[in-house]
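> Dropping the sequence and predicted coords here.
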Amino acid sequence: SQQGEEDPQALSIQEGENATMNCSYKTSINNLQWYRQNSGRGLVHLILIRSNEREKHSGRLRVTLDTSKKSSSLLITASRAADTASYFCATDKSNTGKLIFGQGTTLQVKP
Amino acid sequence: GAVVSQHPSWVICKSGTSVKIECRSLDFQATTMFWYRQFPKQSLMLMATSNEGSKATYEQGVEKDKFLINHASLTLSTLTVTSAHPEDSSFYICSASPGGGQPQHFGDGTRLSIL
């Protein structure tokens, strides 16, 4: 399978706690992106990190990338119930927009 | 921001019917759009790359005669599931980007149920 791995598959936390999701991929990449999907809906782009970047922040989101380990992590700080969703990493091998998705992490934030 | 619209959002039809799904970029032009398929509680699988003015490029294992893609303009790509059967029931999602390093923007998806 071309798809990457994500862990954990499911994560349940209390509001206010931090949530960390990990993603591993198999091939060299141009960039890695994180998306969010609410149940039965399309995907919302969260953050893009390029292969020459190691860390990126956007609001309560922090993404790291380790190309030597072919892995990335997404940290959501001070989680809210509204953060409940599935989160996917996706790699773009050649900057064409053609994305290979990880298996996703389902996050539940309890109020 | 860039908006991608997908229609219909939900369709139920009988086995043997052909179903067309539209993907539109509302405020930008896209020479390339992508079609994905998602089964319940699973990730997105890339089906094909839709190229404006030329043939689509299909991923390995995706039947091009089953999933017809037409990208006749810079703002519209269509996916037609021909002679659909229950195993074609799935969530189909398209994406497009304005280019210039901007990320892919996704439609809200089409839930297809074949009876």
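Yep, that arrived. Numbering: from 1, shown residues only, chains lettered A, B, ... in the order given.
> Kindly report the residues of chain B close to chain A.
With CB under 8 Å from any CB of the partner chain as the criterion, chain B meets chain A at residues B:4, B:6, B:32, B:34, B:36, B:42-46, B:49, B:91, B:93, B:95, B:97, B:101, B:103-109, B:111. Backbone N, C-alpha and C define where each C-beta goes, glycine included.
> Now go through those and say which are in strands.
Of the residues of chain B next to chain A, the ones assigned to strands by DSSP state E are B:4, B:6, B:32, B:34, B:36, B:44-46, B:49, B:91, B:93, B:95, B:105-106, B:111.
> got a winner among these for most neighbours?
B:Ser95 (30 neighbours; other CB atoms under 10 Å in any protein chain shown).
> Check the spacing between the most centrally placed residue in chain B and chain A real quick.
Note on chain B: the residue nearest the mean C-alpha position is B:Trp35, at 3.8 Å, using CA atoms, centre = their mean. Computed as CB to the nearest CB, to the nearest Å, the B:Trp35 to chain A distance reads 11 Å.
> gap between the nearest residue to that residue once chain neighbours are set aside and chain A?
The shortest distance from B:Trp35 to any non-neighbouring residue, by CB to CB, 6 or more residues apart in numbering or on different chains, is to B:Met47 (4.6 Å). Here the criterion is CB to the nearest CB. By it, B:Met47 lies 11 Å from chain A.
> mean confidence for stretch B:104-115?
Stretch B:104-115 carries an average pLDDT of 95.
> How far off centre is stretch A:101-111?
9 Å (CA atoms, centre = their mean, to the nearest Å).
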